[in-house]
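Colleague: Below: sequence and its predicted model.
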2 protein chains.
Amino acid sequence: MSNETRDTIFIGKKPLMAYVTSTLIQLANLPTVSIKARGMSIGRAVDVAQIISRKTENAGYKIGDIRIGSETLESNDGKTRNVSTIEIEVKRNVSQ
Amino acid sequence: MSNETRDTIFIGKKPLMAYVTSTLIQLANLPTVSIKARGMSIGRAVDVAQIISRKTENAGYKIGDIRIGSETLESNDGKTRNVSTIEIEVKRNVSQ
């Protein structure tokens, strides 16, 4: 599975540049890749998208649609709580 | 200034519901309010927008455009670093 071409990168606890690299590799094969995160990782998803669009400025990728939402999680004590989510599309700059 | 009608709510370190209340008060007077945050507060901005759209479901406000960006800050030692930003529009649900 790990060698398959996935169109979604989930942001977790790895160093930021690991996700930048993963996203760029997927973008070499796909026109659009979604960066997804929830809760505390949301800020890091924005960082990854910004690093990609800034470093490839005038030359490649741009931010597409951004969606926010929430998911309901059940914690160990049986209570439910809501966690916010974000999905940021990064895509080829078609004007190039 | 604090009694003026502002169309932007900046997310900082206050409890989440303080920003929810501020945003709802502004939305009573304005058709659109922007929730802005940067860095570590980005996840909290998404939380505020989600609480408002969830609690007023079918009845009032929805998420509009979402924009991400970055700002360059100069730290005390004179180095510059980039910080990610987010801006989330919340607006009246015009289909009501």
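Modeller: Great, that's in hand.
Colleague: all contacts plus neighbour counts: C-alpha atoms, from now on.
Modeller: OK.
Colleague: The residue nearest the centre of chain A sits in which helix or strand?
Modeller: For chain A, the residue nearest the mean C-alpha position is residue A:35 (1.3 Å; CA atoms, centre = their mean). Assessed by DSSP states H and E, residue A:35 sits inside strand A:32-38.
Colleague: and after that strand, which helix or strand comes next?
Modeller: Taking DSSP H and E, what comes next after strand A:32-38 is helix A:42-55.
Colleague: Contacts for the strand holding residue A:35 next, please.
Modeller: Strand A:32-38 is contacted by residues A:7-12, A:23, A:26-27, A:45, A:49, A:83-92 when judged by CA atoms under 8 Å, 6 or more residues apart in numbering or on different chains.
Colleague: one more time with 7 Å
Modeller: Contact with strand A:32-38 is made by A:7-11, A:23, A:26-27, A:45, A:83-92, as judged by CA atoms under 7 Å, 6 or more residues apart in numbering or on different chains.
Colleague: do the same with stretch A:48-55
Modeller: A:16, A:19, A:20, A:61, A:62, A:63, A:90, B:69, B:70.
Colleague: please redo it, this time with the cut-off set to 6 Å
Modeller: For stretch A:48-55, contacts defined as CA atoms under 6 Å, 6 or more residues apart in numbering or on different chains pick out A:20, A:61, A:62.
Colleague: Name the residues of stretch A:29-48 that come out as buried.
Modeller: For stretch A:29-48, the neighbour count (16 or more other CA atoms under 10 Å in any protein chain shown) marks A:32-48 as buried.
Colleague: what's the burial count for the nearest residue to residue A:61 once chain neighbours are set aside?
Modeller: Distances taken as CA to CA, 6 or more residues apart in numbering or on different chains place residue A:92 nearest to residue A:61, at 4.5 Å, with adjacent residues excluded. Other residues within reach of residue A:92, judged by other CA atoms under 10 Å in any protein chain shown, total 18.
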